[in-house]
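Asker: no sequence on this one, just coordinates:
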């Protein structure tokens, strides 16, 4: 919490398989100053999200990778410490991709002011930020759940999945969550109002999932991939919609799984059941931001939508905290409290 | 061509793998008569289409299978020989799923009058019928090609693929066809105005395909599956659309291909490139029939859209003619001339 040093966490090495703490490096630099037109920001909350695994790799993707020696990318909530920018004042709370560091300088691009009266400011990188908007846009634009339909979401207690399931419930669907372990499953049905929850760690997971969706699956919101997708696949109803949001079970894979090759089988299901699979990222739906903020903050206010945060203390814990995502050890939106 | 016997081709056995002539059986019955409210039809043209392979199987699908001993399903163009139905007169030309037989009785359900002044009546089961409408609706509703985009279609010289490619060209896209053999490829570029054609039988097919789409693929109209899809897959551009219409290379498969399992790799592409894969059948878009007939008959009339028929003579040849579809031996829309 020193104020005269800027701790920055850099990408030290491209991970092979599961990332290690050694793939990151913490350096201390002088606190930067804001030049003309720029802002100096103090990071308060750092968001840790699965997509960051992709930025650590130089495989071809929709986004450019973090270079070795660069500060890790990441969304954060910050306070404006100094401003030479007409759009922001000292003391403003802002959200933007300012990275894994104590301080950042910004020219305001991609920075969004956060209204602290709406909800706790940490939600600006959670339920009222990128993960929440990912859930809202992907579910409503691609999934299009109708009352009485069955919606299944994987990684259901996570930052995105928990919002997907609750919005689906609000829209009148029957909601089944897939999560790891009894505690998360109990949370889904007990606190979030899911109709059922299935533990993907159970040895009879596929049978339990089938039993939990007696009318089949109309919408599957995909956050996981791998073995979870294989269990979901036989249960699709005709015209099912599958927003493909994430594949966390696959991100650390270093090779392809053994055969047989199930692509022909998947394509046959796409054809015979007239499925729609569609990949997306939240920025594809940037024009829905106002509607998202209005709807989701309203649902939070009137108690229809809840969220849960999993908070680690101190920027220096970010690398080891990040690794918990890939072991399913986080329970709710994963955050690092960088400063008060 | 006897008029006092109704030859009917029945499903004799469910094929295992590639269908055989022995899976069909020709029987001779008395010509039926049309009761009250019914029509007697004389089959003139029988359409042979890949989807019929699905009806020979009792695997779960969107349509009920043909039972053993039932007449094979199939679209046909017929002449009304007798009518006790106020909507149809003797001499009318009609199109409907009246099956592999010389004569059929119908109550008019699913029967459509054909205007012989529009085009030769055989087109009512081809370019102006189910295959043409499949191409039109799948390409325009799911594929949505834009001027300058690259559209790739497989089975490109077939009844559906040839219409897909020509409509894409009319809409201003760059069109690349995949077909089997030099003769079909030459037809695509020489007669149908495709920008390029690639022979999937070539040993360096994947490399040739990549070379034919220097700007990547924005729309892939899938008729084939299997190895062709694997060659197409790495070439998708961000936001590519993939209408999944048919998988003829897979229909006779009796097992899954060896590994590795490429589903995780496909799902990764769906996510990182934000692909849309969507299966469909033509009846999903029944409300587009008027627009289809108007547009496609107009394009035929003004010479913008051509079609090619591959005609076998005599109902009795239907089984062995049907088998040609799965060997890529047909060249254009496959038809049986049942009567003049």
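Answerer: Good, I have the coordinates. Small disclaimer: the values here were computed from a predicted structure and weren't measured.
Asker: how about the secondary structure of the residue of chain A positioned farthest from its centre?
Answerer: Within chain A, the residue lying farthest from the chain centre (C-alpha atoms, centre = their mean) is residue A:36, at 34.1 Å. When classified by DSSP: H, G, I helix; E, B strand; the rest coil, residue A:36 comes out as coil.
Asker: could you report the neighbour count for the nearest residue to it once chain neighbours are set aside?
Answerer: Residue nearest to residue A:36 in three dimensions, not counting chain neighbours: residue A:84, with 5.5 Å by C-beta to C-beta, 6 or more residues apart in numbering or on different chains. Placement of C-beta: from N, CA and C, glycine included. Counted with other C-beta atoms under 10 Å in any protein chain shown, the neighbours of residue A:84 add up to 14.
Asker: surely residue A:84 is in contact with residue A:37?
Answerer: Yes. Shown here, residue A:84 and residue A:37 form a contact pair, counting by C-beta atoms under 8 Å, at 5.8 Å.
Asker: what's the spacing between the residue farthest from the centre of chain A and chain B?
Answerer: 36 Å (C-beta to the nearest C-beta, to the nearest Å).
Asker: backbone dihedrals for that residue, both of them.
Answerer: Residue A:36 adopts backbone torsions of phi -60, psi 130, taken as degrees, to the nearest 10.
Asker: shouldn't residue A:131 be within a helix?
Answerer: Yes. Counting by three-state DSSP, residue A:131 is part of a helix.
Asker: mind checking the SS state of residue A:257?
Answerer: coil.
Asker: same question for the one 3 residues further on.
Answerer: What three-state DSSP gives for residue A:260 is coil.
Asker: what sits closest to it if chain neighbours are left out?
Answerer: Residue A:260 sits nearest to residue B:256 (C-beta to C-beta, 6+ apart), 3.6 Å away.
Asker: tell me what residue A:243 is bridged to.
Answerer: For residue A:243, the beta-bridge partners are residue A:278 (DSSP bridges).
Asker: might one say that it is in contact with residue A:168?
Answerer: No. The criterion here is C-beta under 8 Å, and residue A:243 misses it with residue A:168 at 11.4 Å.
Asker: between those two, which contacts overlap?
Answerer: A:139, A:143, A:219 (C-beta atoms under 8 Å, 6 or more residues apart in numbering or on different chains).
Asker: ranking by neighbours, what's the top pick from those residues?
Answerer: Going by other C-beta under 10 Å, residue A:143 tops the shared contacts of residue A:243 and residue A:168 with 29 neighbours.
Asker: for it, what are its contacts?
Answerer: If you count contacts by C-beta under 8 Å, 6+ apart, residue A:143 has them with A:151, A:168, A:219, A:221, A:241, A:243.
Asker: and the first one, that one's in a helix?
Answerer: No. The assignment for residue A:151 is strand, going by three-state DSSP, so no helix is present there.
Asker: hang on, it packs against residue A:167?
Answerer: No. Shown here, residue A:151 and residue A:167 do not form a contact pair, counting by C-beta under 8 Å, at 9.1 Å.
Asker: hey, what's in contact with both of these two?
Answerer: In terms of C-beta under 8 Å, 6+ apart, residue A:151 and residue A:167 are both contacted by the residues residue A:139.
Asker: circling back to that earlier point, tell me the contacts of the residue nearest to residue A:36?
Answerer: Residue A:84 neighbours (C-beta under 8 Å, 6+ apart): A:34, A:35, A:36, A:37, A:38, A:39.
Asker: what's the PyMOL line that selects buried ones from those?
Answerer: Buried members of those, defined by 16 or more other C-beta atoms under 10 Å in any protein chain shown, are picked up in PyMOL with:
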select buried, chain A and resi 34+38+39
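Asker: tell me the secondary structure for the residue of the stretch 1-150 of chain A found nearest chain B?
Answerer: Proximity of the stretch 1-150 of chain A to chain B (C-beta to the nearest C-beta) peaks at residue A:61, 4.9 Å away. Here residue A:61 is recorded as coil under three-state DSSP.
Asker: that one against residue B:272, yeah?
Answerer: Yes. Shown here, residue A:61 and residue B:272 form a contact pair, counting by C-beta under 8 Å, at 4.9 Å.
Asker: quick one: which of those two has more around it?
Answerer: Taking other C-beta under 10 Å, residue A:61 and residue B:272 do not tie; residue B:272 has more neighbours (19 against 16).
Asker: what does the longest helix seen in chain A rub up against?
Answerer: The longest helix of chain A (DSSP state H) is helix A:289-301. Where contact means C-beta under 8 Å, 6+ apart, the residues beyond helix A:289-301 that reach it are A:118-119, A:123, A:127-128, A:132-133, A:136-137, A:163, A:166-167, A:170, A:305-307.
Asker: show me the two of those residues that sit farthest apart.
Answerer: A:137 and A:306 (19.8 Å; C-beta to C-beta).
Asker: when the two are compared, which one has more neighbours?
Answerer: residue A:137 (25 against 15).
Asker: tell me the confidence at that one?
Answerer: You'll see residue A:137 listed with a pLDDT of 98.
Asker: go on, residue A:243?
Answerer: 98.
Asker: cool, and residue A:269?
Answerer: pLDDT, read off for residue A:269, is 96.
Asker: so how far is residue B:226 from the residue in chain A that chain B sits nearest to?
Answerer: Nearest residue of chain A to chain B: residue A:259, at 1.7 Å (C-beta to the nearest C-beta). Note on residue A:259: its distance to residue B:226, by C-beta to C-beta, to the nearest Å, is 15 Å.
Asker: more neighbours, these two?
Answerer: residue B:226 (20 against 13).
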